[in-house]
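Engineer: A predicted structure for the sequence below; I have some questions about it.
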There are 2 protein chains.
Amino acid sequence: MKFEPVTIKDIGKALGLSTSTVSRALRGSYEISAETKKQVLEYAEKVNYRPNPIALSLKERRSSSIGVVVCEIANNFFSQAINGIESIAYNRGYHVIISQSHESYEREVVNVQHLASRSVDGLLVSLSSETTNIDHFLELHEKGLPIVFFDRVSNEIITHKVIADNYKAAFDATLHLVNNGYKKIGHITSAPFLSITQERLAGYRDALLENGLPYNEQLVKYCSHGGMIVEEVEAALNNLLKNKQKPDAFVTAGDRITTGSLTAIKNLQLKVPDDIAVVGFTNSNIADLLDPTLTTIRLPAFEMGRVATELLIQVIESKRPIADFETRVLQSEFIVRNSSSSLVAQ
Amino acid sequence: MKFEPVTIKDIGKALGLSTSTVSRALRGSYEISAETKKQVLEYAEKVNYRPNPIALSLKERRSSSIGVVVCEIANNFFSQAINGIESIAYNRGYHVIISQSHESYEREVVNVQHLASRSVDGLLVSLSSETTNIDHFLELHEKGLPIVFFDRVSNEIITHKVIADNYKAAFDATLHLVNNGYKKIGHITSAPFLSITQERLAGYRDALLENGLPYNEQLVKYCSHGGMIVEEVEAALNNLLKNKQKPDAFVTAGDRITTGSLTAIKNLQLKVPDDIAVVGFTNSNIADLLDPTLTTIRLPAFEMGRVATELLIQVIESKRPIADFETRVLQSEFIVRNSSSSLVAQ
DNA sequence: TTTTTTTACGCAAACGTTCCCGATAACGAT
DNA sequence: ATCGTTATCGGGAACGTTTGCGTAAAAAAA
């Protein structure tokens, strides 16, 4: 199966012109006569000529494409973020090549190498939950490949980063539970090394401590695969509930962890919020259709994708190496619903 | 910002060999001495040589990438399907380039042209809800570009297609409602031209007619944007309810339409299934967390993505033009929950 | 008319790779 | 000594495009 597109050479041959003349005519060079230009343009239009971007990439040493490395796209947060990425990238003439790490360090490394060898002009990255070493990014970044991290970032690399106000979000969520009368508040979160985990954990802890409640490590459970595996969330929840200090509420840090916990709770035939209250990080659109409606922290996923892409393209198209990198912090949205109803009011 | 990878020429210069010798040594040609081979391989390893895929693409006239055209990825069905696509593509050495039409015919055309000009080796397509003319695909397909359609297909083009058993799924869903005692069953569906719309509508209609119930066009409402716009789903639902023959149940045909309808019902403060019963097409993972739990038809999204990609790669890598194209029909899953409870039992 | 300038175009190299053709040397066979 | 083989490597074209440089003809200036 082959597909023979018309080239600049074909046009030249058909019109009795050299390839250089055709090339110049197509890009409207001043040194081509109006007549020849018109002739070339018309013929090109007629045969539906499209410049070969691969040849161009080879010559210009750029591919007009950016690589995206996320753990998975079948996740509300990431699919919305990718939406934001595309909304900018396409308008600026870039292709988006997506790869999923499936929360595996190895796959992340392979994907990154693959994308780099495919000559992407830049990388948009959200780390996998297994990643504790980022040499594979450092190496490429030092060689001059622009990289922007979003959501799950690392402070071991200095580059642009786009994150949500995770500390504040977790703080507010926990505070909300405290204010509603809950005393033993647990936390089910992602892998310990992830930036989002640490920030959210800190917010959770500080909200407890600042309100005279103890911070109990037994009430913090980690899902090292970020909730991608249903069983691990179930185990985390069971573990949490088995505690001698049985919690009366908890905060979940992540889309899959939130839904996984709710499913596990349902399987245990517990009632929310009567048996246990829940506040969850999720970008699901149907949180208010759940039983009970779910109090959520919603991340500005689309906007994060947009901003990260804008920063990346800015670096890619910059003439000089960038000196000062910034970390943009975007605000999340806290939406109170029924899964965290006040104990007093009931 | 630039990024200077080492080339075969650099290796040749460093080792005092010609590029052809290096090239051959790298690919283990028999006509290179074991000694030279070893030398080249070691040096290449040392300087971390990676072949430039762009140069290769130019030479081989293939890009090892496949383009995906869907309406949007922030949709359970499509994100799961893309997951399936990637699972195959990456293993076979193909990149996946995703573009979204956002249910717009124009954007679909632009994206397809863009992908084609980027020399993708093949296309995986699910039509937009606005698309009634597929000349943009026909033209490329006739020129030899392999295309496989999935989910939303067209019978105006002969190529591989991968679909779900839409007729049967809608038939069964409707039959289920009939069997549970519902008499006036509505249908909220996508744009009329879409294959999935027509197939599901036929299944819905036949299930009614075969069970002695009238088929009333007033009870069928279309969302021309496939439910992407919240207001249109709301309008469709209101329209449906305003009917003189107020329906006691309905079937929704699509992820966004299902969730949109449920939201609208909630806003109207109607109770499901008491006021109205619902069965919905959706690939959401939290249908059993809804209030009430939602009876759903779940499409084999991941599998559809896998199969479509396998077929596409088969066409791409085929030596001869493919003569006989096939249409694979995959089975959906019908999951009964509470949103369609039997009228009698209650 | 001659010289200079302008106009309009072609040639060829370059981007990184593969591969068809040769080319050279060593060596055994004739 | 001559020839055919074999092993090992290099030259150069090709993929499609852009672009610096050269140059012919035409126009302008002398």
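Structural biologist: In hand now; what should we look at? Residues are numbered from 1 along each chain as shown, chains lettered A, B, ... in the order given.

Engineer: Was I right to think A:L115 contacts A:L124?
Structural biologist: No. Using C-beta atoms under 8 Å, A:L115 is not in contact with A:L124; the gap is 10.2 Å. Where you see a C-beta, it was placed from the backbone N, CA and C, and this is true even at glycine.

Engineer: list residues touching both of those two?
Structural biologist: The contact sets of A:L115 and A:L124 overlap at A:G67, A:V69 (C-beta atoms under 8 Å, 6 or more residues apart in numbering or on different chains).

Engineer: Next to DNA strand D, which bits of the stretch 1-150 of chain A? Give me the list.
Structural biologist: Within the stretch 1-150 of chain A, the positions adjacent to DNA strand D are A:5, A:7-9, A:19-20, A:23-24, A:26-27, A:49-52, A:55-56, A:58-59 by C-beta under 7 Å from any atom of the strand.

Engineer: now, which of these lie close to chain B?
Structural biologist: A:P5, A:R50, A:P51, A:N52, A:A55, A:L58 (C-beta under 8 Å from any C-beta of the partner chain).

Engineer: right, and the fourth one touches A:E4 too?
Structural biologist: It stands for A:N52. No. A:N52 is beyond contact range of A:E4, at 11.5 Å (criterion: C-beta under 8 Å).

Engineer: Of the residues of the stretch 1-150 of chain A next to DNA strand D, keep whichever come out buried.
Structural biologist: Among those, those scoring as buried are A:P5, A:T7, A:I8, A:S23, A:R24, A:L26, A:Y49, A:R50, A:N52, A:A55, A:L58 (criterion: 16 or more other C-beta atoms under 10 Å in any protein chain shown).

Engineer: wait, what's in contact with the fourth one?
Structural biologist: Just to be clear, that refers to A:S23. Here A:S23 is in contact with A:I8 (C-beta under 8 Å, 6+ apart).

Engineer: Over to the last one?
Structural biologist: Going by C-beta under 8 Å, 6+ apart, A:L58 touches B:N52, B:I54, B:A55, B:L58.

Engineer: circling back to that earlier point, neighbour-wise, which of A:L115 and A:L124 wins?
Structural biologist: Using other C-beta atoms under 10 Å in any protein chain shown, the more surrounded residue of A:L115 and A:L124 is A:L124, with 27 against 24.

Engineer: Please, which helix or strand holds the more buried one?
Structural biologist: strand A:122-125 (DSSP states H and E).

Engineer: What's the mean pLDDT across that strand?
Structural biologist: Per-region confidence: strand A:122-125 scores 97 on mean pLDDT.

Engineer: Direction included, what does it pair against?
Structural biologist: strand A:65-70 (parallel), strand A:147-150 (parallel) (DSSP bridges).

Engineer: residues from the stretch 1-150 of chain A in reach of DNA strand C?
Structural biologist: So the stretch 1-150 of chain A meets DNA strand C at A:16-21, A:31-36, A:55, A:58-59, A:61 (C-beta under 7 Å from any atom of the strand).

Engineer: any weak-confidence spans in the stretch 51-200 of chain A?
Structural biologist: Residue ranges of the stretch 51-200 of chain A with pLDDT under 70: none are present.

Engineer: And the strands in it?
Structural biologist: Taking DSSP state E, counting those that start in this stretch as the test, the strands found in the stretch 51-200 of chain A are A:65-70, A:95-100, A:122-125, A:147-150, A:160-164, A:185-189.

Engineer: what's the distance between the last one and the middle of its chain?
Structural biologist: Taking the mean C-alpha point of strand A:185-189 and that of its whole chain, the gap between them comes to 23 Å (C-alpha atoms, centre = their mean, to the nearest Å).

Engineer: likewise the first one?
Structural biologist: A distance of 10 Å separates the C-alpha centroid of strand A:65-70 from that of its chain, computed with C-alpha atoms, centre = their mean.

Engineer: just the fourth one next, same as before
Structural biologist: Centroid separation for strand A:147-150 versus its chain: 9 Å, with C-alpha atoms, centre = their mean.

Engineer: now do the second one
Structural biologist: Strand A:95-100 sits 12 Å away from the centroid of its parent chain (C-alpha atoms, centre = their mean).

Engineer: who does that strand touch, helix- and strand-wise?
Structural biologist: strand A:65-70, helix A:76-91, helix A:105-117, helix B:76-89, strand B:95-100 (3 or more C-beta pairs under 8 Å, 6 or more residues apart in numbering or on different chains; DSSP states H and E).

Engineer: Contact residues of the stretch 151-300 of chain A facing chain B?
Structural biologist: A:259, A:262-263, A:266, A:284-286, A:288-293.

Engineer: I'd like those residues as a markdown table, with pLDDT and distance to B:N216 appended.
Structural biologist: Listed next are those as a markdown table, based on pLDDT from 0 to 100; distance: C-beta to C-beta, whole Å:
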| residue | pLDDT | distance to B:N216 |
| --- | --- | --- |
| A:T259 | 95 | 38 |
| A:L262 | 96 | 38 |
| A:T263 | 95 | 38 |
| A:K266 | 94 | 37 |
| A:S284 | 96 | 35 |
| A:N285 | 93 | 31 |
| A:I286 | 94 | 29 |
| A:D288 | 92 | 32 |
| A:L289 | 95 | 28 |
| A:L290 | 95 | 33 |
| A:D291 | 88 | 32 |
| A:P292 | 92 | 36 |
| A:T293 | 95 | 34 |
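
Engineer: and of the residues you listed, the nearest to DNA strand D?
Structural biologist: A:N285 (43.3 Å; C-beta to the nearest atom of the strand).

Engineer: residues near A:Q245, how many?
Structural biologist: Residues near A:Q245, counting by other C-beta under 10 Å: 12.

Engineer: contacting residues for it?
Structural biologist: Here A:Q245 is in contact with A:K184, A:N216, A:Q218, A:L219 (C-beta under 8 Å, 6+ apart).

Engineer: residues in contact with the residue in the stretch 201-346 of chain A positioned nearest to DNA strand C?
Structural biologist: Nearest to DNA strand C in the stretch 201-346 of chain A, going by C-beta to the nearest atom of the strand, is A:I316, at a distance of 18.1 Å. By C-beta under 8 Å, 6+ apart, the contact list for A:I316 reads A:I66, A:D121, A:G122, A:P146, B:M1.

Engineer: After the helix or strand hosting A:E231, which helix or strand is next?
Structural biologist: Remark: A:E231 resides in helix A:230-242, with elements defined by DSSP H and E. Once the chain leaves helix A:230-242, the next helix or strand it forms, by DSSP H and E, is strand A:249-252.

Engineer: how about that next one as CSV, C-alpha atoms only?
Structural biologist: In CSV, the C-alpha atoms belonging to strand A:249-252 read as follows (Å, rounded to 0.1, in the frame of the first residue of the first chain):
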residue,chain,number,x,y,z
ALA,A,249,-14.2,10.6,57.6
PHE,A,250,-11.4,10.6,55.1
VAL,A,251,-10.0,12.6,52.2
THR,A,252,-9.0,10.8,49.0
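
Engineer: So what angle separates the directions of the following helix or strand past it and strand A:185-189?
Structural biologist: Note on strand A:249-252: by DSSP H and E, the next helix or strand toward the C-terminus is helix A:255-267. Counting by axes from the mean of the first three to the mean of the last three C-alpha atoms, to 10 degrees, helix A:255-267 lies at 130 degrees to strand A:185-189.

Engineer: thought A:Y204 was touching A:T174?
Structural biologist: Yes. Using C-beta under 8 Å, A:Y204 makes contact with A:T174 at a distance of 4.8 Å.

Engineer: Now do the shared contacts for the two.
Structural biologist: A:I185, A:V251.

Engineer: on that earlier part again, list only buried entries from the contacts of A:Q245.
Structural biologist: A:K184, A:N216, A:L219.
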